[in-house]
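Sequence first, then the predicted structure:
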Amino acid sequence: MDYETIRLSQRDGLAVITLRRPEVMNALSTQMRAELTHAVKAAGETARALVLTGQGRAFCSGQDLGDRANVGNIDLERTLRDEYEPMLRAIFDCPIPTLSAVNGAAAGAGANLALAADVVIATESAVFLQAFTRIGLIPDAGGTYWLPRQMGFAKAMGAALFAEPIGARQAADWGMIWEAVPDDDFADHWQARARKLAEGPTAAYARVKQALRQSFANDLDAQLELEARLQGQCGQTRDFKEGVVAFLEKRPATYEGR
């Protein structure tokens, strides 16, 4: 499928989705949300890892307030349910590892789009901004879910109430993202990280995601039971056998499963 607002490229098991509306800092239009949802689902069926990034000086500036499709539309609940939720679910439910490579400003829904990925790597000059209260709104696009889990309650509350920019280095120190990387090294670094995921044991990665996410709802007994069940499944995969043999033979493993 051809896309107008994004680009989906795939090579050697790694899919990269690039937001391509640099003239508006990759703001999320109705069309972009639909195309992004479709592209994430398509990548999840064929790739081994997925990256989300932006073209130009921003990752994503959030909702496109000038989107013609939304002119006169003040039904924010409908927009979130019909357009944002499918996009966010596609990323959250993606069976392969997902990585946000935040190349610049990530604001409003754009910040929370980035946080929907499994891992977030940002260039040091990037900033994250929960801009919602500046226009009388609450964080949406999953922000009220991601922020307290990744930053802790106190910092999430401050970020939401004050709507002040958080630099990438501070975001990493707070646990909001995985790491902040010097600007000159950013492209090479996230690409190397993404290739490592694409070359890794995909079946195990999927179960890592399941186990960590369910831990928030489980008590210890339920989590130990889940670990045992998922580990038993991993033990039956070709990837596990390859990993053990490669370890004994002192060579890099070659993983092929999904």
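That came in fine, so what should we check first? Numbering: from 1, shown residues only.

domains in this protein, as residue ranges please.
6-198, 202-248 (automatic domain parsing).

can I get those in CSV with mean pLDDT?
As requested, the domains of the chain are exported to CSV (pLDDT from 0 to 100):
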stretch, mean pLDDT
domain 6-198, 94
domain 202-248, 95
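
ok, which stretches of the stretch 101-250 of the chain are helices?
All helices of the stretch 101-250 of the chain, identified by DSSP state H, counting those that start in this stretch, fall at 109-115, 143-151, 153-162, 168-174, 186-198, 202-214, 220-235, 238-248.

how near is the closest residue to residue 256 other than its chain neighbours to residue 205?
Closest residue to residue 256 apart from its sequence neighbours, by C-beta to C-beta, 6 or more residues apart in numbering: residue 238 at 6.9 Å. In this view, the C-beta of every residue, glycine as well, is placed from N, C-alpha and C. Going from residue 238 to residue 205 by C-beta to C-beta, to the nearest Å gives 15 Å.

before we move on, what about residue 189?
To residue 205, residue 189 is 20 Å away according to C-beta to C-beta.

quick one: which of these two has more around it?
The neighbour comparison of residue 189 against residue 205 (other C-beta atoms under 10 Å) goes to residue 205, with 20 against 16.

just to revisit the earlier point, okay, the residue nearest to residue 256 and residue 217: tell me how far apart.
Counting by C-beta to C-beta, the gap from residue 238 to residue 217 is 31 Å.

ditto for residue 231
For residue 231, the distance to residue 217 (C-beta to C-beta) stands at 19 Å.

Residue 238 and residue 217: who's more crowded?
Using other C-beta under 10 Å, the more surrounded residue of residue 238 and residue 217 is residue 238, with 12 against 8.

what about the nearest residue to residue 194 once chain neighbours are set aside, is that helix, strand or coil?
Nearest residue to residue 194, sequence neighbours excluded (C-beta to C-beta, 6+ apart): residue 51, at 4.9 Å. Of the three states, residue 51 takes strand under DSSP: H, G, I helix; E, B strand; the rest coil.
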